[in-house]
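Student: mind looking at a prediction? Sequence and model below.
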Amino acid sequence: MTRERLTLYDTTLRDGQQTQGVQFSVADKVQIATALDALGLDYIEGGWPGANPTDSDFFAARPETKATFTAFGMTKRAGRSADNDDVLAAVLNAGTQAVCLVGKTHDFHVTTALGLGLEENLDNIAASVAHAVAKGRETLFDAEHFFDGFKANPDYAVAACKAAFDAGARWIVLCDTNGGTLPPDIQAGVRAVIAAGIPGAQVGIHTHDDAGLGVANSLAAVTAGARQIQGTLNGLGERCGNANLTTLIPTLLLKEPYASRFATGVTMDALHGLTRASRMLDDILNRVPLRSAPYVGASAFAHKAGLHASAILKDPSTYEHVDPALVGNDRVIPMSNQAGQANLRARLAAAGIEVAPKDPALARILDEIKTREDQGYAYDGAQASFELLARRELGLLPDYFEVKRYRVTVERRKNKYNRMVSLSEAVVVVKIGGAKMLSVSESMDETGSDRGPVNALSKAIGKDLGPYQRYIDDMKLVDFKVRITQGGTEAVTRVIIDSEDGMGHRWSTVGVSPNIIDASFEALLDAINWKLIHDGATPA
């Protein structure tokens, strides 16, 4: 059976940029657009040219893409023609293949927000779309507040869509702008538009997540006949965000009835890069990825309960709705003092370590975990450190290097601008084979960021590891969490470090000490050793 084509439209660079605290640079936008194109998105909306300098500069520097590049803007303003509207002109002058024009479809907004008559608004929509089409642009009409408008005055909401369609719009995109519509109402609105003579193959859906239904509403629209979905990577967007394409894409490719009924521009090979693309965006935004995110989160395929882990070892489908490898993610069997041998063997197997069910080392590993967690360690969220602990007990831990000593100093002083800054300097001496190597690094904190002693230590030990340097060059620290596990004068500090490499692999390590620097250094050393093991480094 021939599958119907479903079109995916990304608005991360425009609607996603409206997220509180998010501001992309031109370079950020180029990197994101390139990643979206590699995934196979059909349309990439680059922003609103003329609305701000960054968006205007980006359209001049945008990369070549297979995806249809789209400029966003609004229908012409009242009192002037489409030919003489400078805002509309800026959108068309961006030189994109397509333009998306937003217009009001809720009568309340037309009369209250715009202060226009209802017929005048319809004329403005039609004139704007016709002008863009005459300029040779594929034109999309964003029917703003459509579903709220459909509830209040269904005839007018549909008439606004018809005005754009009759003027030549390729797509009529129905927007749940306030994000509060429920799936049955989404379906009713979509069906009414199609019944009015606009083919489903030219109807799109743009939802927000204010009721937690952005993905569900997009799927409901597809079921009702819409054939374009708009959304953003990681669900970025104003207020609670937009429909999350990071969730929608794998659902469409892997779940029935969508997988067998629809085709998209995203191939199964491209789907393997989804987790990496999601984490790339978080890295650009300097955000910690949401561990519980569907499909791509670090905990999306984590199995802590012993019963679950035992079943997973026999057949992963017992507790996994899809294979994590399909979206570029990994299965995780967390270790903690609640763990049994089923968890332990499953976690070791995932690391490529096969241990017989009655091997006495299993009991030793479990005892060591329980002892160390009583001291403040937490292996539930530090899988890499757990693996190193297990390898040590099994005699499988390579001896790559030995830290002979390290020193960290922190100096508070004024800089040349007479502002107080902190300068951290780290010295690390390691022994590799028979040779000692000394590295020095410093880190200046002038902005209140985390460029402090831990960063200096990380830079120092990563500066020269001799024969192992090529394995750690692409390694970076992406998150740093500190918790005091005991109070008072005997306080114990637990540090968990998340690291990532150039392939998008991410791993967590833990260190514990009364001294935060010692705890951080312990976690950092575990991170390096884990990386060397998994990249196949041979001890010198």
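Tutor: Yep, it's here.
Student: ok, now which ones touch residue 225?
Tutor: Applying CB atoms under 8 Å, 6 or more residues apart in numbering to residue 225 gives the contacts 190, 191, 194, 200, 203. Every C-beta, even on glycine, is put in place using the N, C-alpha and C of the backbone.
Student: repeat that for residue 137.
Tutor: By CB under 8 Å, 6+ apart, the neighbours of residue 137 are 92, 96, 97, 98, 99.
Student: restricted to helices, list those residues.
Tutor: Cross-referencing the contacts of residue 137 with the helices (criterion: DSSP state H) gives residue 92 as the overlap.
Student: low-confidence stretches in the protein?
Tutor: Across the chain, residues meeting the criterion (pLDDT under 70) sit at 1, 304-310, 313, 334-340, 342, 445-451, 486-490.
Student: can you tell me the centre-most residue of it?
Tutor: Relative to the mean C-alpha position of the chain, the nearest C-alpha, by CA atoms, centre = their mean, is the one of residue 278, at 3.0 Å.
Student: distance from the chain centre to stretch 454-468, please.
Tutor: Centroid displacement of stretch 454-468 relative to its chain, using CA atoms, centre = their mean, to the nearest Å, is 28 Å.
Student: got the buried residues for it?
Tutor: Applying a neighbour-count criterion of 16 or more other CB atoms under 10 Å, the buried positions in stretch 454-468 are 454, 455, 456, 457, 458, 459, 460, 461, 462, 463, 465, 468.
Student: burial count for residue 200?
Tutor: Counted by other CB atoms under 10 Å, the residues lying close to residue 200 total 18.
Student: okay if I get the contacts of residue 137 as a markdown table plus neighbour count and distance to residue 216?
Tutor: Formatted as a markdown table, those follow (neighbours: other CB atoms under 10 Å; distance: CB to CB, whole Å):
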| residue | neighbour count | distance to residue 216 |
| --- | --- | --- |
| 92 | 19 | 36 |
| 96 | 22 | 31 |
| 97 | 14 | 31 |
| 98 | 20 | 27 |
| 99 | 25 | 29 |
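Student: ranges for the strands of the stretch 251-400 of the chain?
Tutor: 262-263 (DSSP state E, counting those that start in this stretch).
Student: do a quick rundown of the helices in it.
Tutor: Using DSSP state H, counting those that start in this stretch, the helices of the stretch 251-400 of the chain run over residues 258-261, 268-271, 274-284, 306-314, 341-350, 360-374, 383-394.
Student: hang on, residue 382 packs against residue 499?
Tutor: No: between residue 382 and residue 499 there is no contact, the gap being 11.0 Å when judged by CB atoms under 8 Å.
Student: these two: who's more crowded?
Tutor: The neighbour comparison of residue 382 against residue 499 (other CB under 10 Å) goes to residue 382, with 27 against 24.
Student: what residues are up against the more buried one?
Tutor: The contact partners of residue 382, taken as CB under 8 Å, 6+ apart, are 496, 508, 509, 510, 523, 526.
Student: those in helices, which ones?
Tutor: Among the contacts of residue 382, the members falling in helices are 523, 526 (criterion: DSSP H).
Student: redo the contacts of residue 382 as CSV? Include distance to residue 423 and neighbour count.
Tutor: Rendered in CSV, the data for those read as follows (distance: CB to CB, whole Å; neighbours: other CB atoms under 10 Å):
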residue, distance to residue 423, neighbour count
496, 26, 22
508, 29, 25
509, 27, 27
510, 28, 28
523, 23, 28
526, 27, 24
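Student: so for residue 414, which of the helices of the stretch 251-400 of the chain sits nearest?
Tutor: The stretch from the helices of the stretch 251-400 of the chain with the least distance to residue 414 (CB to CB) is helix 274-284; that distance is 33.1 Å.
Student: which secondary structure elements does that closest one contact?
Tutor: helix 26-39, helix 245-254 (3 or more CB pairs under 8 Å, 6 or more residues apart in numbering; DSSP states H and E).
Student: and the first one with helix 274-284, angle?
Tutor: In this case it means helix 26-39. Put simply, helix 26-39 runs at 170 degrees to helix 274-284, going by axes from the mean of the first three to the mean of the last three CA atoms, to 10 degrees.
Student: any idea how far helix 26-39 is from the chain center?
Tutor: 13 Å.
Student: helices or strands up against that helix?
Tutor: Packed against helix 26-39, as judged by 3+ CB pairs under 8 Å, 6+ apart, are the following elements: strand 43-47, helix 53-61, helix 274-284.
Student: winner for burial among the ones you listed?
Tutor: Burial of the helices and strands packed on helix 26-39 is given as mean neighbour count (mean count of other CB atoms under 10 Å); strand 43-47 ranks first at a mean of 27.
Student: what lines up beside that one in the sheet?
Tutor: Strand partners for strand 43-47, identified by DSSP bridges, are recorded as strand 7-10 (parallel), strand 68-74 (parallel).
Student: now the longest one: how far from the chain's centre is it?
Tutor: Meaning strand 68-74. For strand 68-74, the distance from its own C-alpha centre to the chain's C-alpha centre is 23 Å (CA atoms, centre = their mean).
Student: swap in stretch 286-297?
Tutor: For stretch 286-297, the distance from its own C-alpha centre to the chain's C-alpha centre is 6 Å (CA atoms, centre = their mean).
Student: tell me the buried residues in it?
Tutor: Buried residues in stretch 286-297, counted by 16+ other CB under 10 Å: 289, 290, 293, 294, 295, 296, 297.
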